[in-house]
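Colleague: what's the 3D shape of this:
(chains A and B)
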Amino acid sequence: MSRSRAPALRVQRAYGPTVEGEALVSVEGFSPRYDLDRWSGLISRPGHALEGHNIRDKILITPSAKGGIAAGWAFYDIKHKGIAPKAFVFGVTNPVMVQGAVFAGITITEGWSRKPYGAIRTGDIVRVDTRRKRIDVIKKA
Amino acid sequence: MRLSAEERRMLRGDGGRAVKEALELQLEVGKFFGAKRFVPVSNVHMMGDIEVMGEAGKSFLERAAGLGAKCVRNTTTNARCVDFDYVAKLGQDPAEAEKERELIACLRSMNVVTADTCINYQTLYQPHKGEHVAWGDTGTVIYANSVFGARSNFESGPAALAAALTGRVPEYGFHLDAHRKGTFQVVLKAGLDDLADWGAVGKIVGESHQDYFAVPVFTGIRRRPAADELKHLGASLASHGSMGMFHMVGVTPEAPTLKAAFGGNRPKEVVTISRRDVERVYGGYSARGNPLDLVVFSGPQQSLFEMRTLAKLLEGRKLKPGSHLFVTTSNGVKSAARNLGYLSAIEGSGAVVLEGVCFYILQNIARIRAQNGWSNLVTNSAKLANIIGAHKFNTILRPTRECVEIAVSGKDPRAGARAA
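Modeller: Have a look, this model is predicted:
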């Protein structure tokens, strides 16, 4: 894919290395405390939009962060258990998610130029370019 | 970010490796949020227990302690995952409990005061207006910002520890005037009688405005709320909405008037909450045909006054055979409750009072649920009703008195015969 094409999404803030991976797109916010089984990587909260999906090695695209001081330790924990996503792409987030991602060394972005639904779908291979603050679809599912 | 001479010395490693790494973490977070400088903090409250941090976090802390890390500010701990007197009774993992003991020793070696409470703002430290602190959990932060007029962001465990080691935080979010202004108005047209009513309001407002930087301004308050009521409102807003601050006109220190609360912002929206809306929240929970055999008062820990209320409601009564009622509180509150006779009244019913923990972070909680065959969890805490879903509890929010009645009878007065 040409870099000159318009990105699927621009983001306002970004931390961490540029990464590529399979998108996991949620219409619902995310918390590693409320929604996640931190031993398997499965979204375990009954009724969550991604219930039953595994976040391992995914690019998790989610509109918001939910509650939870625990993310700071939880991200580090799941990183060391080998079940962390490659990146979090938040619409809006909170400091805990950022502190946790920085502490764990997981790429994180915040702020969407538009809603990504449609342009990016679960299963698409995407690149999170933290330097250029853009998300590109490399390969459609 | 502009760094002071002292901060540059820290980054050089003059204060030791642990301090250097702590400031590096804070610097990256500050850069992400566009902070221009650091501000000193006077008090730190951190989450640090084995359930939430796991082996990796414990190893990190032990390494930091080995590097000679010492807190330079008064630093207290949030609720932990083990009450050592109840490890066997609850069916918790003894090996994990032992790790928790090691963790506590490690934190103490770094000068952390292991107070193990999520109601530090009621029991340990009350910052003044404008005072910068570095607190977590979320319920403590929203209380500090809103009710005290102090200034804190949500500080996760590693970030709070970093603040404890460096004595400062990057200045962004609620440390700045710009983010402390109201963004939308909530007109309360409902009489709010029970703590759960305040939590229900927090759920209504939080769920529909999930944004850390959204600051609701409450108006229409019919009477001055008590600290426990503001505690349940704040904890619920933070849990359901990820919010870190609210104003209440005529009540909270930065909202003497509606105009002052918005500080020049135009309200993006005006939301009205009626009694019917609150009742609809309660109506949204159902037992789904399963037994109502677990009632929990936790999240946040109970204050002494909440303990007194429970003692009055439970005195001389017994839980329904097969039912369980858990209460969590701090060591200090439990001790006072014992002296005052509240504890014997509560425990005399068959209820269990755990200290230093919060129910949703209990080590092994998912397996404890499965081993006991629990499906439903009844609580007066809108925060707990939200937060424990990941452990596959079906939660039911009810006013305090109804929670107690359910514990005693096994029946939900709102559902009649359907629930039992």
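Colleague: alpha carbons only for contacts and neighbour counts from here, please
Modeller: Fine.
Colleague: got any ranges where chain A has weak pLDDT?
Modeller: A:1-4, A:67 (pLDDT under 70).
Colleague: helices of that one, residue ranges please.
Modeller: Taking DSSP state H as the test, the helices found in chain A are A:71-80, A:95-104.
Colleague: residues of the first one that come out buried?
Modeller: This means helix A:71-80. If you call a residue buried by 16 or more other CA atoms under 10 Å in any protein chain shown, then helix A:71-80 has these buried ones: A:71, A:72, A:73, A:74, A:75, A:76, A:77, A:78, A:79.
Colleague: mind checking the helices of chain A for the one nearest to residue B:407?
Modeller: Closest approach to residue B:407 among the helices of chain A is made by helix A:71-80 (32.9 Å; CA to CA).
Colleague: now that closest one against helix A:95-104, angle please.
Modeller: Using axes from the mean of the first three to the mean of the last three CA atoms, to 10 degrees, the direction of helix A:71-80 lies 40 degrees away from that of helix A:95-104.
Colleague: just the strands in chain A please.
Modeller: A:9-15, A:19-25, A:58-64, A:87-92, A:107-112, A:125-129, A:134-139 (DSSP state E).
Colleague: the last one: partners in the sheet, and parallel or antiparallel?
Modeller: Paired neighbours of strand A:134-139 in the sheet (DSSP bridges): strand A:9-15 (antiparallel), strand A:125-129 (antiparallel).
Colleague: now that strand: how far from the chain's centre is it?
Modeller: With CA atoms, centre = their mean, to the nearest Å as the basis, strand A:134-139 stands 14 Å off its chain's centre.
Colleague: same check on the first one?
Modeller: Centroid separation between strand A:9-15 and its chain, computed with CA atoms, centre = their mean, is 12 Å.
Colleague: could you do the third one as well?
Modeller: For strand A:58-64, the separation from the chain centroid amounts to 3 Å (computed by CA atoms, centre = their mean).
Colleague: now do the fifth one
Modeller: Taking CA atoms, centre = their mean, one finds the center of strand A:107-112 at 8 Å from the center of the full chain.
Colleague: quick one: contacts of that strand?
Modeller: Outside strand A:107-112, the residues within contact range by CA atoms under 8 Å, 6 or more residues apart in numbering or on different chains are A:9-19, A:86-93, A:98, A:101, A:130.
Colleague: now with 7 Å?
Modeller: Residues outside strand A:107-112 that contact it (CA atoms under 7 Å, 6 or more residues apart in numbering or on different chains): A:9-17, A:86-93, A:98, A:101.
Colleague: likewise for the first one?
Modeller: Among residues not part of strand A:9-15, those counted as contacts by CA under 7 Å, 6+ apart are A:107-114, A:116, A:130, A:133-136, B:32.
Colleague: so which residue is smack in the middle of chain A?
Modeller: residue A:88 (2.2 Å; CA atoms, centre = their mean).
Colleague: what's across from that one in the sheet?
Modeller: Under the criterion used (DSSP bridges), residue A:88 bridges to residue A:60, residue A:108.
Colleague: wait, doesn't it sit right on residue A:60?
Modeller: Yes: counting by CA atoms under 7 Å, residue A:88 touches residue A:60, with 5.0 Å between them.
Colleague: which residue is the nearest non-sequential neighbour of residue B:281?
Modeller: Excluding the flanking residues, the one nearest residue B:281 by CA to CA, 6 or more residues apart in numbering or on different chains is residue B:200, at 6.4 Å.
Colleague: find me the pLDDT at that neighbour, would you?
Modeller: pLDDT, residue B:200: 98.
Colleague: do the same with the one 4 residues further on
Modeller: On the pLDDT scale, residue B:204 is placed at 98.
Colleague: that one sits in which helix or strand?
Modeller: helix B:195-207 (DSSP states H and E).
Colleague: what does residue B:369 give?
Modeller: Short version, using DSSP H and E: residue B:369 is in helix B:365-372.
Colleague: send the alpha carbons of that helix over as PDB?
Modeller: The C-alpha atoms that make up helix B:365-372 are tabulated as PDB, following Å, rounded to 0.1, in the frame of the first residue of the first chain:
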ATOM      1  CA  ILE B 365     -12.500 -14.400  43.100                       C
ATOM      2  CA  ALA B 366     -13.500 -16.100  39.900                       C
ATOM      3  CA  ARG B 367     -12.800 -19.600  41.300                       C
ATOM      4  CA  ILE B 368     -14.400 -18.700  44.600                       C
ATOM      5  CA  ARG B 369     -17.500 -17.800  42.700                       C
ATOM      6  CA  ALA B 370     -17.500 -21.000  40.800                       C
ATOM      7  CA  GLN B 371     -16.700 -23.100  43.900                       C
ATOM      8  CA  ASN B 372     -19.700 -21.600  45.800                       C
END
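Colleague: and for it, what's in contact with it?
Modeller: Here helix B:365-372 has contacts from B:90, B:91, B:391, using CA under 7 Å, 6+ apart.
Colleague: now swap in stretch B:312-327 and tell me
Modeller: Outside stretch B:312-327, the residues that reach it (CA under 7 Å, 6+ apart) are B:293-298, B:345-346, B:349-354, B:404, B:407-410.
Colleague: among those residues, which are in strands?
Modeller: B:294, B:295, B:296, B:297, B:298, B:352, B:353, B:354.
Colleague: ok, of those, which one's closest to chain A?
Modeller: Chain A has its nearest neighbour among the ones in strands among the contacts of stretch B:312-327 in residue B:298, at 15.7 Å by CA to the nearest CA.
Colleague: give me the phi and psi for the nearest residue to the closest one once chain neighbours are set aside.
Modeller: Computed as CA to CA, 6+ apart, the closest residue to residue B:298 that is not its neighbour in sequence is residue B:328, at 5.2 Å. Dihedral angles of residue B:328 (phi, psi; degrees, to the nearest 10) stand at phi -120, psi 140.
Colleague: spit out the contact partners of residue B:328.
Modeller: Neighbours of residue B:328 in contact, by CA under 7 Å, 6+ apart: B:297, B:298, B:301, B:302, B:353, B:354, B:355, B:357, B:358, B:359.
Colleague: are any of the contacts of strand A:107-112 buried, and which?
Modeller: Of the contacts of strand A:107-112, these count as buried by 16+ other CA under 10 Å: A:9-11, A:13-17, A:86-93, A:98, A:101.
Colleague: nearest to chain A: which residue in the stretch 1-150 of chain B?
Modeller: For the stretch 1-150 of chain B, CA to the nearest CA, closest residue to chain A: residue B:53, 4.8 Å.
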